[in-house]
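Here is a sequence together with a model predicted from it:
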Amino acid sequence: MVQIKKKKGRDAKIPDAGMSDIVFLLLLFFLVSTTIDVDTGIGLSLPEYIPPEEQVFVPLSKDRLAALNINENGDVLLDGKVIAIPQIQETLIPRIESKIDLPKNKKLVISVKTARKTNYNLYIQALDQIKGAYATVRKAYAQTHFGKKLYELDKEENKELKNKIPIIISIAEPERIK
């Protein structure tokens with residue numbers, strides 16, 4: 001019987017000495033070329049700082065104030081009456097329009113107040129509805145008074161529009177509940 005000897009040759013092997021360099025370069029490439037979506041927060045303009053000794057508190061009449069309260073259960077109240085979030089915009093539009101021709105110190109102030117444990121999504125939806133109401137009134141004003149769309153206004157017209165329909169939203173801090 002004849003035995004066949006196994007040939008002891010080289011095993012086929014892929015050199016992997018540079019593999020870590022290639023992996024590192026690929027990782028670096030994907031880190032640099034990938035864009036990360038970052039939430040930037042809520043776009044609100046804060047008022048200028050006024051020292052306490054110069055602050056003047058002016059009481060608001062009831063017809064000038066729209067009080068929007070959101071509790072931790074998700075109930076939304078506008079001036080003490082329960083309202084659905086999609087109805088906020090259509091309810092505020094006539095109230096904003098009724099104050100257009102009044103001086104700035106007589107315009108509508110919308111006060112938004114939440115409880116500590118209010119759902120953040122409800123808060124953002126309510127703010128969106130308020131801003132939507134102002135945007136709708138501003139669009140209509142631009143169309144009727146200037147005959148233009150909102151984005152077609154020049155600087156002077158835009159300034160007049162913002163003076164006629166200023167967005168006045170008061171965001172009250174939640175009260176501490178023990």
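Happy to help now that I have it.

which SS class is the residue most central in space within the chain?
In the chain, the C-alpha nearest the mean C-alpha coordinate belongs to residue 42, at 3.7 Å (C-alpha atoms, centre = their mean). Using DSSP: H, G, I helix; E, B strand; the rest coil, the three-state assignment for residue 42 comes out as coil.

the helices in this protein, which residues?
Along the chain, the segments classed as helices by DSSP state H run 19-33, 85-97, 120-146, 155-164.

For those, give me TSV that also has distance to residue 104 and mean pLDDT.
Just so you know, the C-beta spots here come from the backbone N, C-alpha and C atoms, and that holds for glycine as well. As requested, these are arranged in TSV below (distance: least, C-beta to C-beta, whole Å; pLDDT from 0 to 100):
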stretch	distance to residue 104	mean pLDDT
helix 19-33	50	90
helix 85-97	14	93
helix 120-146	15	92
helix 155-164	7	90
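
I'd assumed residue 124 was in contact with the residue nearest to the centre of the chain.
Yes: Residue 42 is in contact with residue 124 according to C-beta atoms under 8 Å; the separation is 7.3 Å.

Can you check which residues contact both of the two?
Counting by C-beta atoms under 8 Å, 6 or more residues apart in numbering, residue 42 and residue 124 have no contacts in common.

The residue nearest to residue 79 when sequence neighbours are not counted: neighbour count?
Counting by C-beta to C-beta, 6 or more residues apart in numbering, residue 79 lies nearest to residue 67, which is 5.6 Å off, once chain neighbours are set aside. Residue neighbour count, defined by other C-beta atoms under 10 Å, stands at 17 for residue 67.

Report the contact partners of residue 67.
If you count contacts by C-beta under 8 Å, 6+ apart, residue 67 has them with 77, 78, 79, 80, 111, 113.

Pull out the buried members of these.
Neighbour counting over the contacts of residue 67 (16 or more other C-beta atoms under 10 Å) leaves 78, 113 as the buried ones.

could the contacts of residue 67 be laid out in TSV, adding distance to residue 34 and pLDDT?
Rendered in TSV, the data for these read as follows (distance: C-beta to C-beta, whole Å; pLDDT from 0 to 100):
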residue	distance to residue 34	pLDDT
77	44	91
78	44	92
79	48	89
80	50	87
111	42	90
113	40	91
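
So which of the contacts of residue 67 is the closest to residue 129?
Comparing these against residue 129 with C-beta to C-beta places residue 78 closest, at 10.1 Å.

Could you pull up the residues touching that closest one?
If you count contacts by C-beta under 8 Å, 6+ apart, residue 78 has them with 66, 67, 68, 88, 91.

Distance check, it against residue 55.
With the distance defined as C-beta to C-beta, to the nearest Å, residue 78 ends up 28 Å from residue 55.

same deal with residue 106?
Spatial separation of residue 106 from residue 55 under the definition C-beta to C-beta is 20 Å.

Cool, thanks, talk later.
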